[in-house]
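Novice: From the sequence below, what's the structure:
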Amino acid sequence: MLVAAAVCPCPPLLVPDVAAGAAPELADARAACTDALGVLAASRPDLLVVVGPAEQSGRGPHPEGTGGSFRGFGVDLGVRLGNVGLASGPRVSGRELPPSLAVAAWLLERTGWSDAPVEGLGVGEPLAAERCIQVGEETGARAGRVALLVMGDSSACRTLKAPGYLDERAAGFDEGVARALGAADVAALKALDAELAQELKVSGRAPWQVLAGAAEGAGLGGALLYEDAPYGVGYLVAAWS
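Specialist: Numbering: from 1, shown residues only. Here you go, the predicted model:
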């Protein structure tokens, strides 16, 4: 059963080495992520599953110890999912973590996670809501006490300089997601418009709906810890327990 969840954004800029001189701009987001991961640790889970958006090559399960890096973003920095002492992960999985799960691995390393085994799950943007919810239900039943670290960004269309340019629908969509995450509103997350999310370049829609499937019937409460769009992209941090 799901006992806790943390929702974090997944821009590589969250990692100071990648952000370089712009690192202070996301300091509040990093602090909120740390607080959210503290909620996960306090829940004393038997298993932590990290869920994040992924391109085709990064979809599916990633075992504990799988490595990733930020070399694609010009920084020679490597990370490893979960137990940093495990060396067999990349050879077992045959691939590296997708960027969203690499950011999650960095967050876990930064906070010294050692509270439970960690597994990763990359999900594709086109995955239908019904399938996301089913995956969430299956994930929530993986252990007696399951926690989720859910990575994903809101719209990338909040300003003229945003990656997706300005779309007047973006702010309203992001506000709805923020309300749902802050209230642990499972029904609202299940009802997110997948087509609109794709048009607004939302990377978090599928992971959030996996969370909704896992949280059904768990009776968790939510708190919104951070909400901003510093680069025209909506970043949200929430904790459920």
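
Novice: following the longest helix belonging to the chain, which helix or strand shows up next?
Specialist: Secondary structure of the chain per DSSP state H: the longest helix is helix 27-42. Per DSSP states H and E, the first helix or strand lying C-terminal to helix 27-42 is strand 47-53.

Novice: What strands line up against that next one, and which way round?
Specialist: Strand 47-53 has its sheet partners listed here by DSSP bridges as strand 118-123 (parallel), strand 146-151 (parallel).

Novice: Quick check: which helices or strands does the longest helix of the chain pack against?
Specialist: Counting contacts by 3 or more Cβ pairs under 8 Å, 6 or more residues apart in numbering; DSSP states H and E, helix 27-42 is packed against strand 2-8, helix 99-110, strand 146-151, strand 222-228, strand 235-240. (Each C-beta comes from the backbone N, C-alpha and C, glycine too.)

Novice: I'd like the ones you listed laid out as CSV, including mean pLDDT and mean neighbour count.
Specialist: Output for those, formatted as CSV (pLDDT from 0 to 100; neighbours: other Cβ atoms under 10 Å):
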stretch, mean pLDDT, mean neighbour count
strand 2-8, 98, 28
helix 99-110, 97, 25
strand 146-151, 98, 28
strand 222-228, 98, 19
strand 235-240, 98, 27
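
Novice: right, and those - which one's nearest Leu47?
Specialist: Within those, the stretch nearest Leu47 is strand 146-151; the backing value is 5.3 Å (Cβ to Cβ).

Novice: outside of that closest one, which residues touch it?
Specialist: By Cβ atoms under 8 Å, 6 or more residues apart in numbering, the residues outside strand 146-151 that reach it are 1-10, 37, 40, 43, 45-53, 100-101, 103-104, 107-108, 116, 139-140, 204, 207-208, 210-211, 214.

Novice: do you know how far the residue lying closest to Asp228 once chain neighbours are set aside is from Leu14?
Specialist: Closest residue to Asp228 apart from its sequence neighbours, by Cβ to Cβ, 6 or more residues apart in numbering: Tyr235 at 5.8 Å. Distance, Tyr235 to Leu14, by Cβ to Cβ, to the nearest Å: 8 Å.

Novice: can you redo the strands paired with strand 47-53 as TSV with distance to Glu195?
Specialist: Shown next, in TSV, are these (distance: least, Cβ to Cβ, whole Å):
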stretch	distance to Glu195
strand 118-123	17
strand 146-151	21
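
Novice: out of the ones you listed, nearest to Asn83?
Specialist: For Asn83, the closest of the strands paired with strand 47-53 is strand 118-123, at 7.2 Å, according to Cβ to Cβ.

Novice: how about the helix or strand following the closest one: buried residues?
Specialist: Scanning forward in sequence from strand 118-123 by DSSP H and E, the next helix or strand is helix 129-140. Across helix 129-140, burial judged by 16 or more other Cβ atoms under 10 Å covers 129, 131-133, 135-137, 139-140.

Novice: Run the chain-centre distance for the helix or strand hosting Gln198.
Specialist: If you go by DSSP H and E, Gln198 is part of helix 194-199. Relative to its chain's centre, helix 194-199 lies at 18 Å (Cα atoms, centre = their mean, to the nearest Å).
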